[in-house]
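*Asks:* Provided below are the primary sequence and the corresponding predicted coordinates.
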Amino acid sequence: MSAFTDRYIKNFMAELLARNPGETEFHQAVSEVLNSVAPCLEEYPFLLENKIMERMVEPERVIMFRVPWMDDAGEIHINRGFRVQMNSAIGPYKGGIRFHASVNLSIMKFLAFEQTFKNALTTLPMGGAKGGSDFNPRGKSDAEVMRFCQSFMTELQRHIGQDTDVPAGDIGVGGREIGYLFGQYKRLRDEFTGTLTGKGFAWGGSSLRPEATGYGVCYFAQQMLATRGESFEGKTVVVSGAGNVAQYAAQKAMRLGAKVVTLSDSDGYIYDPDGLDEEKLNYVLQLKNVIRGRIKEYAKKYPSATYYGDGAKPWGVKCDIALPCATQNELDAEGARKLVGNGCICITEGANMPSTPEAIEIIQGAKLLYSPGKASNAGGVATSGLEMTQNSIRQKWTPEEVDGHLRRIMSDIHEACTKYGTEADGYVNYVKGANTAGFLKVAGAMMDQGLV
Ligand code: NDP
Ligand code: 2IT
């Protein structure tokens, strides 16, 4: 990197921090991309002159709104709603909605920023956005969740549409919430369109959308492993999380011949040395998606498993492959050292930004196969894109057709990462590859469309 680029990055980050104080997750996401694309900025000075990076970090629009709702006991609650419409250079805004107590503007902006590059990688025409609320769905009744979703959508509906902005699920937003959100959208706008994705199969949803993120993670990991002549067959896999992404990553890894030995939630993790099987996984699906219980119940049901509480993370469990599928910054330097020390060969991210910058440095320093979420979890939004296509042409594709598209897209993303991320010694830096490929596509579209 030249002295000029080094100075540019330092000045850029100083200004970003001054303009967006306290938004630590957003700073982290921008810093990673900026460092990856610095050589492009050096190579193409017109990107600097046109302030493409400066434009990319300023959301096109941020919507923040009050979400009032009443609980079952008649008490009134006020939450905060968000939609960050980050970049529409290559298509209508697209990205999930997160309901979690930790949601704030920094988390929304980092997710919308990441989404912009991820969506560009999918090869489909989708811009980047993210939304959500600091509403905590844990312990809420179905009726409370429904009233909250209706209040949230009463404001959000003004800002979205099938050709404008198409939300979907994320942490705390699954099939149930998308149903309530869609119902209210349809009622207020009097239109049955593909404005939300992740819809129920009977009312516009795509087959395989629930499975798509987790399956895509494993398809991507297969490609990574293949670069070293390896596969899932006979490997031990550690998965974090127990939600949508974790469930289907575990299922696919298992079906590809691996032994999945952990799952987790924010309270702790279970370690099952015998590994999951179809019956145990069905129990987890029931536990998390229907009963909405905690992962510690697994260890009560299956005595082969041990539960580790107090927020313990599974990274100390010896494994060949790790799939972080819970949340941002869940894998820190200490966790990374444990994985490397125990002989792990591949870390494929299912969550968005689950590894801290220090963890990534350790993992890449040890030359492990390592992919950032924006590449390896893109199967979810890609299948949302396929849902939009099916809605537009008013047709439904078979699971086999959708799976074929998903496999091809994950393979194309892998190819883009190797094209832009292969280093002089042959090591594939998937972070650099993903950021550069996504950046060049969005930057090119922004250049074509003038100063907007
Ligand atoms: P779910 O709500 O279905 O599951 C989230 C899981 O992560 C739960 O097990 C949850 O445990 C755990 N978790 C959430 N917050 C924390 C936290 N602060 N600390 C520890 N554990 C936590 O969400 P998804 O599976 O959909 O999402 C998981 C990740 O994947 C997120 O990073 C999301 O952005 C990303 N993602 C999701 C996609 C999708 O299509 N759904 C697509 C691409 C990425 P608990 O119950 O204790 O909160
Ligand atoms: O982070 C993500 O890519 C998602 N939560 C899915 C977004 C989508 O629009 O399907």
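*Replies:* Perfect, thanks for sending it. Residues are numbered from 1 along each chain as shown. Ligands and ions are numbered 1, 2, ... in the order given.
*Asks:* what helix or strand does residue 78 sit in?
*Replies:* In the assignment (DSSP states H and E), residue 78 maps to strand 76-87.
*Asks:* what about that strand and ligand 1, touching?
*Replies:* No: figure legend: strand 76-87 not in contact with ligand 1 (CB under 6 Å from any ligand atom); closest approach 13.8 Å. Quick note: C-beta positions are derived from backbone N, CA and C, even for glycine.
*Asks:* So for that strand, mean pLDDT?
*Replies:* In this model, strand 76-87 carries a mean pLDDT of 99.
*Asks:* now residue 145, nearest residue through space, not along the chain?
*Replies:* residue 137 (5.9 Å; CB to CB, 6 or more residues apart in numbering).
*Asks:* Based on its surroundings, how many neighbours for the one you found?
*Replies:* 20 (other CB atoms under 10 Å).
*Asks:* Would you check that it makes contact with residue 152?
*Replies:* No: applying CB atoms under 8 Å as the test, residue 137 and residue 152 come out as separate, 11.7 Å apart.
*Asks:* On the three-state scheme, residue 97 is what?
*Replies:* What DSSP: H, G, I helix; E, B strand; the rest coil gives for residue 97 is strand.
*Asks:* I'd like the distance between it and residue 155.
*Replies:* In this view, residue 97 and residue 155 are 13 Å apart by CB to CB, to the nearest Å.
*Asks:* Show the pLDDT at residue 2.
*Replies:* So, for residue 2, pLDDT stands at 84.
*Asks:* how about the residues of the stretch 101-250 of the chain near ligand 1?
*Replies:* Neighbours of ligand 1 within the stretch 101-250 of the chain, by CB under 6 Å from any ligand atom: 102, 169-172, 174, 213, 241-246.
*Asks:* I'd like those as a markdown table, with secondary structure appended.
*Replies:* Formatted as a markdown table, these follow (three-state DSSP):
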| residue | secondary structure |
| --- | --- |
| 102 | coil |
| 169 | coil |
| 170 | strand |
| 171 | coil |
| 172 | coil |
| 174 | coil |
| 213 | helix |
| 241 | coil |
| 242 | coil |
| 243 | coil |
| 244 | helix |
| 245 | helix |
| 246 | helix |
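*Asks:* Name the SS class of the residue nearest to residue 145, please.
*Replies:* Assigned with three-state DSSP, residue 137 falls in the coil class.
*Asks:* ok, it - contacts?
*Replies:* Taking CB atoms under 8 Å, 6 or more residues apart in numbering, we find residue 137 in contact with 99, 145, 172, 177.
*Asks:* what's around the residue in the chain positioned nearest to ligand 1, how many residues?
*Replies:* Nearest residue of the chain to ligand 1: residue 243, at 1.8 Å (CB to the nearest ligand atom). Residues near residue 243, counting by other CB under 10 Å, number 24.
*Asks:* Low-confidence bits of the stretch 151-300 of the chain, can you list those?
*Replies:* Of all residues in the stretch 151-300 of the chain, none has pLDDT under 70.
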